[in-house]
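Engineer: show me how the following folds:
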Amino acid sequence: MSFTLSNKSILITGGTGSLGKALTAYIYEKYPDVKRLVIFSRDEQKQFQMAQEYPPNHYKSIRFFIGDVRDRDRLIRAMRGIDYVIHAAAMKHVPIAEYNPDECIATNVGGAQNVVHACIETGVSRVVALSTDKACAPINLYGATKLTSDKLFVAANNISGDNPIKFSVVRYGNVMGSNGSVIPFFIKKKKEGRLPITGPKMTRFNISLRQGVEMVMHALEHAWGGEIFVPKIPSYHITDVATAICPECEQVVVGIRPGEKIHEEMITPSDSFHTYDLGKYYTILPTTPRWNIDEFVTIFKAHPVPEGFSYNSGDNDEWETVDSLRKLIQEHVDISI
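Structural biologist: Residues are numbered from 1 along each chain as shown. Okay, the predicted model is just below:
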């Protein structure tokens, strides 16, 4: 029987964010007969705005649920009768997290714990948690909290007892055009004729919202429980992004912000001992899986990566160019670039 969201109930934490809205659009495009789609977030203004795009008289299955992942009781109430949960809620801005550590920990770590326990308690069957490249060998608080969150979701498969629930994680790089990301920032700043560059050697992984959504769906369908899925995606130089958006603008080096890396990582050499190549994706397998790894390898035609393998935006084999970036920005963010 093929995987489907038809007649299923789905809850998205942080559902009014960039990825949450992209997931909502995808679900209604592919599965218009979804039983219930719950948009769980704490921002009433964003919920109000999103409700204008999805009026309940036309989208009869959508529900807007005000709540905070810090509130376990509220999560439990929202998850009653839910089949699948996609956990996208997080504090994600690196400098803000550095200056507000308690708030970041409460949302990204405490919130993850609450989601895990609420899902187990309410009988949810599948959970996919969103991660970030900053969770790999973190040097900032945001990355450290997301690494902890990843570990909580992976370990949740071993604390669920005889509950058949499956928790998995998707880890990827900068989502093109997402709220607070560099591309919308540069587009807004280009009218000034100067674009601030944190570091001329800085690189990042690049993924579109659509690719991010497809990866979540892949994990939702195929995860056995405990995997961290990593996409094979290109890198870009931050200077090329600036040139693609405004070739005539002056690029002013302003220095690296608190907690930033020059290059991002998604797989470390230490991860390589548990990492397999699935073709389109890599997956970091749990060290204590509840299933047979040999069977997993056979079914998914998985190949172990070489010992010591790492996946770093500065050493990537695939790169975006100024021209390819401009085309992608026009396609996914702003056609006027």
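Engineer: quick one: the strands in the stretch 151-300 of the chain?
Structural biologist: With strands called from DSSP state E, counting those that start in this stretch, the stretch 151-300 of the chain shows them at 166-170, 174-175, 194-197, 203-207, 228-231, 235-237, 250-253, 265-267, 275-277, 281-284.
Engineer: how about those, which one is nearest residue 157?
Structural biologist: Nearest of the strands of the stretch 151-300 of the chain to residue 157, taken as C-beta to C-beta: strand 166-170 at 5.3 Å. For glycine as for every other residue, the C-beta is placed from the backbone atoms N, C-alpha and C.
Engineer: what does the closest one rub up against?
Structural biologist: Strand 166-170 is touched from outside by 116, 119, 125-131, 150, 153-154, 156-157, 160, 212, 215-216, 219, 223-229, with contacts defined as C-beta atoms under 8 Å, 6 or more residues apart in numbering.
Engineer: got the contact list for residue 321?
Structural biologist: Counting by C-beta under 8 Å, 6+ apart, residue 321 makes contact with residue 240.
Engineer: that older thread, hey, which of the strands of the stretch 151-300 of the chain is tucked in deepest?
Structural biologist: Sort the strands of the stretch 151-300 of the chain by mean neighbour count, taking mean count of other C-beta atoms under 10 Å, and strand 166-170 sits at the top with a mean of 27.
Engineer: give the pairing partners of that strand; include direction for each.
Structural biologist: Strand 166-170 pairs in its sheet with strand 126-130 (parallel), strand 228-231 (parallel), by DSSP bridges.
Engineer: how far off centre is it?
Structural biologist: 11 Å (C-alpha atoms, centre = their mean, to the nearest Å).
Engineer: quick one, strands of the stretch 1-150 of the chain?
Structural biologist: 9-13, 36-41, 62-66, 84-87, 126-130.
Engineer: what angle do the first one and strand 62-66 make?
Structural biologist: Meaning strand 9-13. 40 degrees (axes from the mean of the first three to the mean of the last three C-alpha atoms, to 10 degrees).
Engineer: note down every partner strand of strand 9-13 and its orientation.
Structural biologist: As defined by DSSP bridges, the strand partners of strand 9-13 come to strand 36-41 (parallel), strand 84-87 (parallel).
Engineer: just the buried subset of the contacts of strand 166-170, written out for PyMOL, thanks.
Structural biologist: In PyMOL, this line selects whichever of the contacts of strand 166-170 come out buried by 16 or more other C-beta atoms under 10 Å:
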select buried, resi 116+119+126+127+128+129+130+131+150+153+154+156+157+160+212+215+216+219+223+224+225+226+227+228+229
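Engineer: thinking again about what came up before, with distance to residue 45 and mean pLDDT as added columns, please give the strands of the stretch 151-300 of the chain in CSV.
Structural biologist: Shown next, in CSV, are the strands of the stretch 151-300 of the chain (distance: least, C-beta to C-beta, whole Å; pLDDT from 0 to 100):
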stretch, distance to residue 45, mean pLDDT
strand 166-170, 28, 98
strand 174-175, 22, 88
strand 194-197, 28, 96
strand 203-207, 27, 96
strand 228-231, 32, 98
strand 235-237, 32, 97
strand 250-253, 33, 96
strand 265-267, 33, 97
strand 275-277, 41, 98
strand 281-284, 35, 98
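Engineer: relative to residue 55, which of those is closest?
Structural biologist: Of all these, strand 174-175 comes closest under C-beta to C-beta, at 26.7 Å.
Engineer: quick check: can you name the pairing partners of that closest one and their directions?
Structural biologist: When sheet partners are counted by DSSP bridges, strand 174-175 sits next to strand 203-207 (parallel).
Engineer: and for the strand it pairs with, what's in contact with it?
Structural biologist: 133, 172-176, 182, 215, 231, 233-238, 262-264, 266, 313-314, 316, 320, 325, 328.
Engineer: try it again at 7 Å.
Structural biologist: Strand 203-207 is contacted from outside by 133, 172-176, 231, 233-238, 263-264, 266, 313-314, 320, using C-beta atoms under 7 Å, 6 or more residues apart in numbering.
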